[in-house]
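A.B. asks: Got a predicted model here, sequence first, then my questions.
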Amino acid sequence: MPIIINLDVMLAKRKMQSQELAEKIGITQANLSILKTGKAKAIKLSTLEAICKALDCQPADLLEYIPEK
């Protein structure tokens, strides 16, 4: 998939554990894991907003487009 989710990178930059982020934004660790591994087919804008707020970042810090060759 050409959209890469850099959630692990932002978590490391903010020195935050996945569990802490999941609790802050109100989703399960299982759903957060699906996002982190890139297996998600979609993300709600409200979830993206909550992640950006919790990590003090922009959507572009989390999402990257890499065209397929």
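C.D. replies: Yep, it's here.
A.B. asks: Residue 35 contacts residue 5, correct?
C.D. replies: Yes - between residue 35 and residue 5 there is a contact at 5.8 Å, judged by CB atoms under 8 Å. In this view, the C-beta of every residue, glycine as well, is placed from N, C-alpha and C.
A.B. asks: Ranking helices and strands of the protein by mean pLDDT, which lands last?
C.D. replies: The weakest-scoring helix or strand in the chain, judged by mean pLDDT, DSSP states H and E, is strand 3-5 (a mean of 91).
A.B. asks: Enumerate the positions of that one that are buried.
C.D. replies: The neighbour-count check on strand 3-5 (16 or more other CB atoms under 10 Å) flags residue 5 as buried.
A.B. asks: Please renumber the chain so that the first residue is 406 from this point on.
C.D. replies: Sure, I'll start counting at 406 from here, so that last one is strand 408-410.
A.B. asks: Need the contact partners of that strand.
C.D. replies: Applying CB atoms under 8 Å, 6 or more residues apart in numbering, the contact partners of strand 408-410 are 440, 441, 443, 445, 467, 468, 469, 470, 471.
A.B. asks: How about stretch 447-466?
C.D. replies: 411-412, 415-416, 419, 421, 426, 429-432, 440, 467.
A.B. asks: Need those in a markdown table (columns: pLDDT).
C.D. replies: Shown next, in a markdown table, are the contacts of stretch 447-466 (pLDDT from 0 to 100):
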| residue | pLDDT |
| --- | --- |
| 411 | 94 |
| 412 | 94 |
| 415 | 95 |
| 416 | 96 |
| 419 | 95 |
| 421 | 95 |
| 426 | 97 |
| 429 | 95 |
| 430 | 96 |
| 431 | 95 |
| 432 | 95 |
| 440 | 92 |
| 467 | 95 |
